[in-house]
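Chemist: only geometry, no sequence info:
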């Protein structure tokens, strides 16, 4: 892509503050064929534009761009001349993953490539600092001083220093954590122009998680230790008067309620912390160091978890002022405490036709009933702002809306910067909504339901896919599916349910903790109860249901094949780990995880019961997966073969576990093998 699609809409002040919405025209791109479902390539090729970010001074915009869907470049524009061709920065041996501004004219870039050393076959992701022309790429820290033995050299190739504070008040320096072996977690102040690095804090095995205050001084850290009650994480704060580190909170791993310092106020004796002080969901609180007292909540949501972050001003005139917060509803949602940003947000929603009808909602924790506003089709987010807030990059995206990026200037001028996937025919996509159903023991289970277009496939019942997320300590969102799985199958007539089964994060502590020790048991019941709910609602055809999952979802698919409940005609496991004992042992090696997560991983060992499989299985796995070893899938397939059970095993060369370790071609191959299996091998005659 040689330049951003350029379109301007002028919004008068009244429009931003609540006048009727204005129409926003589409950029000049080729229109998709009428009624055509997106192809596998449409959904998996690299986005035309993504990762849009603006410089602190607002003078430049950078983004990842791709003209051919495979090669990803960094493009940089001058904000004052958006119609001019950008500077394009390419990569030769690595693939760009992300870009953001560190300073007005310095970029932080992450890139990835495959890496092989001995028995290790995986990937390395490296972070670099570069100028706006890409003339030089510099590592955050030099190798000097690091021992050069064989193991250390290997570990340092797959580890990388990271920026943990961009020091917005400092025009040249950032704070960098040395994650490499031999670095021991040391903290450096790095000049991103000269790349000179000054160590300001030595690390240790027990002390980690440093955070800097508004002046860039290290004021918070975590200490891991053990007492009579087990392993704990202590939160220490440095006294602003004496400089002495003092313990203020002690959170035991077994309690799973860590206190997190998430910000510093302009008062040196008041910090912002995230904790579950009241109710089922964590909130943001003010904490007084002198009184050693948690004050009134700064922000808390009754139904949803608050993200552990405080959005604070980086402008000189009100530096550090609290601007807003974020919480996890159906989608990450901004709450603006700043009246001007709140008014801009409301005005943009009208201008960009964002609607949020209410759904009847029952809180899984309290049973409280409410009318919950849920964005329909798309929502907006402020993804980047200049420090003076004159320029705001806005993303419009959702389950039926591939991301579109806009630049808002002075609260009145809105420019369409570009569309991530202008080739997608949105009319052919399925419609996704937030739903709930009651599990057999009465627990309310949130879920995302995507129905195929009714004008092409009627009102149902439909062939159905149950798609549990990974983790399991994770969750889904009401947003565009980066993998393409949901919309690929919905646009082809499938209904897709994404159950937020017990053990999922983000929906409150009760639902999360209810998954403890229930792998393949109550966690699996929740998925099965989703099938029964869909059948009762005349959404799912009971004779045409399959389960597809990746990572933990892959384990769930293996379990679905074993449990003799007759609900599924086949199952598809991507990078699934059937050996529950091996998963549990992996969390036992780390002494913190031994008490934090290890006790929760109990239940059905799918591998031990592989010979009991009731339905055909597709198993696929990347051969560079360093999260779930490919041997897990190979062993399960071998057990199926020995038992004479129907299965297919597909190994994808060079593919890792996470999306960032997959090329567009690998993403496309996954869709193809799943689609073919559903059509030909899922029960006699296909699903």
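Modeler: Arrived safely. Computed from a prediction, not measured in an experiment: that's the story for all the values here.
Chemist: please tell me I have it right and residue 582 contacts residue 632.
Modeler: Yes: assessed by CB atoms under 8 Å, residue 582 is found in contact with residue 632 at 7.2 Å. C-beta here means a position set from N, CA and C on the backbone, and glycine is covered the same way.
Chemist: quick one: which of the two has more around it?
Modeler: Applying other CB atoms under 10 Å to residue 582 and residue 632 shows that residue 632 carries more neighbours, namely 25 against 16.
Chemist: pLDDT score for that one?
Modeler: Predicted confidence (pLDDT) for residue 632: 95.
Chemist: quick check, it in a helix?
Modeler: Yes: counting by DSSP: H, G, I helix; E, B strand; the rest coil, residue 632 is part of a helix.
Chemist: with adjacent residues omitted, what lies nearest to it?
Modeler: Residue nearest to residue 632 in three dimensions, not counting chain neighbours: residue 577, with 4.7 Å by CB to CB, 6 or more residues apart in numbering.
Chemist: check which residues of stretch 201-212 are buried.
Modeler: Neighbour counts over stretch 201-212 (16 or more other CB atoms under 10 Å) mark 201, 203, 207, 209-212 as buried.
Chemist: ok, back up a step: let me see the contact set for the residue nearest to residue 632.
Modeler: 551-552, 554-555, 583, 628, 632 (CB atoms under 8 Å, 6 or more residues apart in numbering).
Chemist: next, format those residues as CSV and append distance to residue 176 and secondary structure.
Modeler: Formatted as CSV, the contacts of residue 577 follow (distance: CB to CB, whole Å; DSSP: H, G, I helix; E, B strand; the rest coil):
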residue, distance to residue 176, secondary structure
551, 30, coil
552, 33, helix
554, 36, helix
555, 37, helix
583, 33, helix
628, 31, coil
632, 36, helix
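Chemist: of the residues you listed, closest to residue 462?
Modeler: Nearest to residue 462 among those is residue 554, at 23.4 Å by CB to CB.
Chemist: thought residue 573 was touching the closest one, still the case?
Modeler: Yes: using CB under 8 Å, residue 554 is in contact with residue 573, at 3.9 Å.
Chemist: which residues do the two both contact?
Modeler: Shared contacts of residue 554 and residue 573 (CB under 8 Å, 6+ apart): residue 619.
Chemist: higher neighbour count, the two?
Modeler: residue 573 (33 against 30).
Chemist: any idea which element that one lies in?
Modeler: Assigned by DSSP states H and E, residue 573 belongs to strand 570-574.
Chemist: report the rounded mean pLDDT for that strand.
Modeler: Computed over strand 570-574, the average pLDDT equals 97.
Chemist: what's the answer for stretch 580-591, then?
Modeler: In this model, stretch 580-591 has a mean pLDDT of 77.
Chemist: and stretch 139-158, how far apart are its ends?
Modeler: One end of stretch 139-158 to the other measures 14 Å (CA to CA, to the nearest Å).
Chemist: stretch 276-291 now?
Modeler: Start-to-end, stretch 276-291 (CA to CA) is 20 Å.
Chemist: show me the helices in this protein, by range?
Modeler: Along the chain, counting by DSSP state H, helices occupy 13-16, 40-44, 150-158, 339-351, 454-457, 485-490, 509-513, 522-536, 552-562, 580-586, 591-596, 630-642, 664-680.
Chemist: out of those, nearest to residue 233?
Modeler: Comparing the helices of the chain by CB to CB, helix 591-596 comes nearest, at 7.6 Å.
Chemist: determine the set of other helices and strands touching that closest one.
Modeler: strand 230-238 (3 or more CB pairs under 8 Å, 6 or more residues apart in numbering; DSSP states H and E).
Chemist: please repeat the previous calculation with a cut-off of 10 Å.
Modeler: Packing partners of helix 591-596 (3 or more CB pairs under 10 Å, 6 or more residues apart in numbering; DSSP states H and E): strand 218-227, strand 230-238.
Chemist: what residues are shared contacts of residue 582 and residue 632?
Modeler: residue 607 (CB atoms under 10 Å, 6 or more residues apart in numbering).
Chemist: pLDDT weak spots in the stretch 251-400 of the chain?
Modeler: By pLDDT under 70, the stretch 251-400 of the chain has no low-scoring segment.
Chemist: flag the shaky bits of the chain, pLDDT-wise.
Modeler: Along the chain, the parts satisfying pLDDT under 70 run over 1-34, 143-157, 182-183, 588.
Chemist: one more pass at 80, please.
Modeler: 1-35, 143-159, 181-184, 277-279, 584-591, 595, 684 (pLDDT under 80).
Chemist: so what's residue 326 up against?
Modeler: Here residue 326 is in contact with 299, 306-311, 332-335, 381 (CB under 10 Å, 6+ apart).
Chemist: can you give me the domain assignment for the chain?
Modeler: Here the domain parsing of the chain from automatic domain parsing is 57-167+170-213, 430-680.
Chemist: and the shortest one, end to end?
Modeler: This points to domain 57-167+170-213. 22 Å.
Chemist: could you do the last one as well?
Modeler: Between the opening and closing residues of domain 430-680 we find a distance of 23 Å, counting by CA to CA.
Chemist: re the thing from before, who wins for proximity to residue 78 among the helices of the chain?
Modeler: Here helix 339-351 is closest among the helices of the chain (CB to CB), at 23.5 Å.
Chemist: which other helices and strands does that closest one contact?
Modeler: helix 13-16, strand 322-328, strand 332-336, strand 379-385, strand 391-398, strand 401-409, strand 413-419.
Chemist: what comes up buried for stretch 398-411?
Modeler: 398-409, 411.
Chemist: neighbours of residue 620, just the number please.
Modeler: Per other CB under 10 Å, the neighbour tally for residue 620 reads 24.
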